[in-house]
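J.: my questions are about this predicted structure, shown below with the sequence.
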Amino acid sequence: MPNTAKKISDSKWEIEIEIPVDETTEEMKRITAQYSSRAKVRGFRPGKAPEEIIKRMYYPDIKETLISSLVPKALDKELKDKNIHPVGQPIVSDLHFSEGEPLRFKAQIEVWPVLHLPEYKNIRVKQRQASVTEKELEESLEELRLEAAQYVPVTDRGVVDGDYVVAEIKGHNTKTKRFLPKEKVVILAGHPENEEILNQKLLGLKSGDQSQFTVKYKKDHTNKKLAGREIHYDLKIESIKEKMLPEIDDDFAKDLGDYKNLNDLKTKLKDQLFQSKKNAQRREMAEEIVKKIAEKVPFELPDSVVKHEYTAQLNRRLSDIPQQDLSKIDLESLKKDVRTRAIQNIKNHIILNKIAQEEKLEVTEEEITEEMKAIAKSHNVPLAQVVESINREGKKQELRENLLLKKTVDFLVKSAIIE
């Protein structure tokens, strides 16, 4: 029976393969001989037991080894003969084999769809206007101020809201009398996520002071070990620190870096904000262009690729949500949004790669080096450290691909008609 390959959809093929009986017989003899050389059979020296005895003793294992040996080889050969390039691992099904017969099986293979690009130059997009308001500038200055805050030990007063308190805390379950592990914690006094009674008890306490309080946790509390339980706590203050914010003046600007005065800092910060907005708007225009291209070439994606991207994005989104807020989100709505974005991301990636091929865009070693220099500068580390890290983690190809996508996006924006 000749092997057959059937296209099920743009991203999926099904192959039926038959391995001839002479190949299965030869492989059966080879594997049986291997088992015979290691088998201990009473009355026979190693490797001298009759083949039939070895088969009776180990037939399930011999059969499994034969299938594991022949199926991948036959499948790989058939894929090469049919010029099919799989995405991920093929799924084998309907496998049939008995000794003295051919081995038959089917396999489903996912492939990247063949993409025929529409016209991708001269796409019309709206111009975005970038500007920086005084409010945005003041907010950025305040962020820098917060980053420059110092935490000064407090010894002459008790705790007030906004203080950072280092405390030793130990608790026990009022019902079971079981003690919780003693912990040393840092508490931001007055923070809304703290238990209300904790914020109340902290006020006015000084270093060395002790206090007690009891918390009855709700049944739906995010910490399952505490949910529905009543815990009595003993609290001891070890130290108190007050956040001290610098004045936004010329000295503040000079302390931040190579700035002559506050006006110099504001000017350069405004330029940075403006450039950041321009870059964001450029990305928006690129996304609009790629979306318009994708709308003209609907194509099916391999299920396994979508699942992988969806899972990775969902995990990232969930990890960005504070633990205490997880119960408040609409998980089904989040999953739907993530899946839509995952599909769009994959399509964009495929389209950009195809355009890069059409335009013969490439990334040079010099461009990779320049990108590494930029990474080193932004992280304030030596270039050699960045190079060593990228090489050690095998990230150079990923860096090259990201630069190629960026270059393709720049090409599309330059080729667009901006209205």
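T.: Received the coordinates, thanks.
J.: tell me where the chain has helices.
T.: Taking DSSP state H to define them, one finds helices in the chain at 21-38, 51-81, 134-147, 196-202, 250-256, 262-296, 303-319, 331-358, 365-379, 383-392, 396-415.
J.: apart from its neighbours in sequence, what residue is nearest residue 387?
T.: Distance criterion C-beta to C-beta, 6 or more residues apart in numbering; nearest residue to residue 387, sequence neighbours excluded, is residue 372 at 5.9 Å. Yep, even glycine has a C-beta here, placed from its N, CA and C like the rest.
J.: so where's this protein shaky on pLDDT?
T.: 1-2, 43, 45-47, 323-326 (pLDDT under 70).
J.: tell me which residue is most central in it.
T.: By C-alpha atoms, centre = their mean, the chain has its centre lying nearest to residue 312, at 4.6 Å.
J.: bridging residues for residue 105?
T.: Using DSSP bridges, the beta-bridge partners of residue 105 come out as residue 17.
J.: quick check: residue 205 touching residue 211?
T.: Yes - with contacts counted by C-beta atoms under 8 Å, residue 205 reaches residue 211, the gap being 6.1 Å.
J.: can you redo the helices of the chain as a markdown table with distance to residue 98?
T.: Converted to a markdown table, these look like this (distance: least, C-beta to C-beta, whole Å):
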| stretch | distance to residue 98 |
| --- | --- |
| helix 21-38 | 9 |
| helix 51-81 | 9 |
| helix 134-147 | 73 |
| helix 196-202 | 72 |
| helix 250-256 | 79 |
| helix 262-296 | 50 |
| helix 303-319 | 32 |
| helix 331-358 | 43 |
| helix 365-379 | 56 |
| helix 383-392 | 51 |
| helix 396-415 | 46 |
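J.: when residue 205 and residue 211 are compared, which one has more neighbours?
T.: More neighbours surround residue 205 than the other of residue 205 and residue 211, with 20 against 16 (other C-beta atoms under 10 Å).
J.: so how far is residue 184 from the more buried one?
T.: In this view, residue 205 and residue 184 are 16 Å apart by C-beta to C-beta, to the nearest Å.
J.: same thing with residue 211?
T.: Applying C-beta to C-beta to residue 211 and residue 184 gives a distance of 16 Å.
J.: with residue 378 instead?
T.: 35 Å.
J.: what of residue 88?
T.: Residue 88 is 48 Å from residue 184, by C-beta to C-beta.
J.: more crowded one of those two?
T.: residue 88 (14 against 10).
J.: residue contacts, the more buried one?
T.: When contacts are counted by C-beta atoms under 8 Å, 6 or more residues apart in numbering, residue 88 is found next to 110, 302, 304, 305.
J.: next one: phi and psi at it?
T.: Dihedral pair for residue 88: phi 80, psi -160, per degrees, to the nearest 10.
J.: how near is it to residue 67?
T.: 20 Å.
J.: please apply the same query to residue 332.
T.: From residue 332 to residue 67 the distance is 41 Å (C-beta to C-beta).
J.: re the thing from before, so the residue nearest to residue 387 sits right up against residue 383, yeah?
T.: Yes - counting by C-beta under 8 Å, residue 383 is a contact partner of residue 372 at 6.3 Å.
J.: have a look at the two and say which one is more surrounded.
T.: residue 372 (18 against 14).
J.: re the thing from before, more neighbours, residue 332 and residue 67?
T.: residue 67 (18 against 8).
J.: please name the residues that touch the more buried one.
T.: By C-beta under 8 Å, 6+ apart, the residues touching residue 67 are 95, 97, 103.
J.: tell me who's in contact with the last one.
T.: The one in question is residue 103. So, once contact is read as C-beta under 8 Å, 6+ apart, residue 103 ends up touching 18, 19, 24, 66, 67, 70, 71, 74, 95, 96, 97.
J.: can you tell me how far it is from residue 73?
T.: Taking C-beta to C-beta, one finds residue 103 at 11 Å from residue 73.
J.: nearest to residue 155, of the contacts of residue 88?
T.: Lowest distance from residue 155 to those (C-beta to C-beta) belongs to residue 305, with 60.5 Å.
J.: quick one, which of the helices of the chain is nearest to residue 240?
T.: helix 196-202 (9.5 Å).
J.: so which residues make contact with that closest one?
T.: 159, 161, 165, 187, 189-191, 211-215, 235.
J.: at 6 Å instead, please
T.: With C-beta atoms under 6 Å, 6 or more residues apart in numbering as the contact definition, helix 196-202 has outside contacts at 159, 189, 190, 211, 213.
J.: next: stretch 259-274.
T.: 130, 132, 137, 140, 249, 250, 253.
J.: centre of the chain to it, how far?
T.: Between the centre of stretch 259-274 and the centre of its chain there are 35 Å (C-alpha atoms, centre = their mean, to the nearest Å).
J.: check which residues of that stretch are buried.
T.: 259, 262, 265, 266, 269, 270, 273 (16 or more other C-beta atoms under 10 Å).
J.: then stretch 307-317?
T.: Across stretch 307-317, burial judged by 16+ other C-beta under 10 Å covers 309, 310, 313, 314.
J.: same question, stretch 405-419
T.: For stretch 405-419, by 16+ other C-beta under 10 Å, it's 405, 406, 407, 408, 409, 411, 412, 413, 416.
J.: could you do stretch 42-60 as well?
T.: By 16+ other C-beta under 10 Å, the buried positions in stretch 42-60 come out as 49, 54, 55, 58.
J.: closest to residue 225 among these?
T.: Nearest to residue 225 among the buried residues of stretch 42-60, counting by C-beta to C-beta, is residue 58 at 50.4 Å.
J.: test my guess that that closest one contacts residue 35.
T.: Yes - judged on C-beta atoms under 6 Å, residue 58 makes contact with residue 35 at a distance of 5.0 Å.
J.: what residues are up against residue 133?
T.: Taking C-beta under 6 Å, 6+ apart as the definition, residue 133 has no contacts.
J.: can you redo the contacts of residue 67 as a markdown table with distance to residue 115?
T.: Below are the contacts of residue 67 laid out as a markdown table (distance: C-beta to C-beta, whole Å):
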| residue | distance to residue 115 |
| --- | --- |
| 95 | 33 |
| 97 | 39 |
| 103 | 36 |
